[in-house]
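Enquirer: Quick check, what structure comes out for this input:
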Amino acid sequence: MENADKWKELVSIIKIERERYFKATAKKENETSFYISTLNESLLIAYGVRKHWGIENKVHWILDVAFNEDMSRKRKGNAALNYSNLNRIALNLVKKDNAKVGIKSRSKWLDGATITC
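Expert: Purely as a prediction, here's the structure:
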């Protein structure tokens with residue numbers, strides 16, 4: 001097998017099935033994800049997967065609420081990826097501001113702002 005030495009530490013293949021329930025529409029959505037790991041303890045694997053998705057969901061939620069990222073209709077070429085990267089840069093800049101207001105309110109100072117490095 002090509003590049004077999006890169007896989008020698010692999011000890012498990014994980015299948016996780018999820019079900020999401022949307023309160024607004026009362027619909028259910030099922031999803032199956034597969035992972036590979038060097039771990040063989042199910043509790044450690046579950047912890048790692050939950051931690052990853054917890055971080056992903058937290059960041060995504062902030063980007064959607066503060067920057068309406070889900071409403072974006074950028075589809076051509078690399079526009080969606082570039083826009084997402086700019087939003088993440090803006091989010092990091094906004095997080096540096098320690099005001100006692102939410103991210104969305106703090107992001108308003110970015111409207112029309114010129115950022116220099």
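
Enquirer: Now tell me what touches stretch 2-20 from outside.
Expert: With contact meaning Cβ atoms under 8 Å, 6 or more residues apart in numbering, stretch 2-20 is reached by 1, 28-40, 45, 49. Where C-beta positions appear, they are placed from N, C-alpha and C, glycine not excepted.

Enquirer: hmm, 10 Å instead?
Expert: 1, 27-42, 45-46, 48-50, 53 (Cβ atoms under 10 Å, 6 or more residues apart in numbering).

Enquirer: Sort out for me which of those residues are in strands.
Expert: Mapping the contacts of stretch 2-20 onto strands (DSSP state E) picks out Lys27, Lys28, Glu29, Asn30, Glu31, Thr32, Ser33, Phe34, Tyr35, Ile36, Ser37.

Enquirer: need those residues in a markdown table with distance to Ala90, can you?
Expert: A markdown table is the format used below for the ones in strands among the contacts of stretch 2-20 (distance: Cβ to Cβ, whole Å):
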| residue | distance to Ala90 |
| --- | --- |
| Lys27 | 32 |
| Lys28 | 34 |
| Glu29 | 30 |
| Asn30 | 34 |
| Glu31 | 29 |
| Thr32 | 34 |
| Ser33 | 29 |
| Phe34 | 33 |
| Tyr35 | 31 |
| Ile36 | 34 |
| Ser37 | 34 |
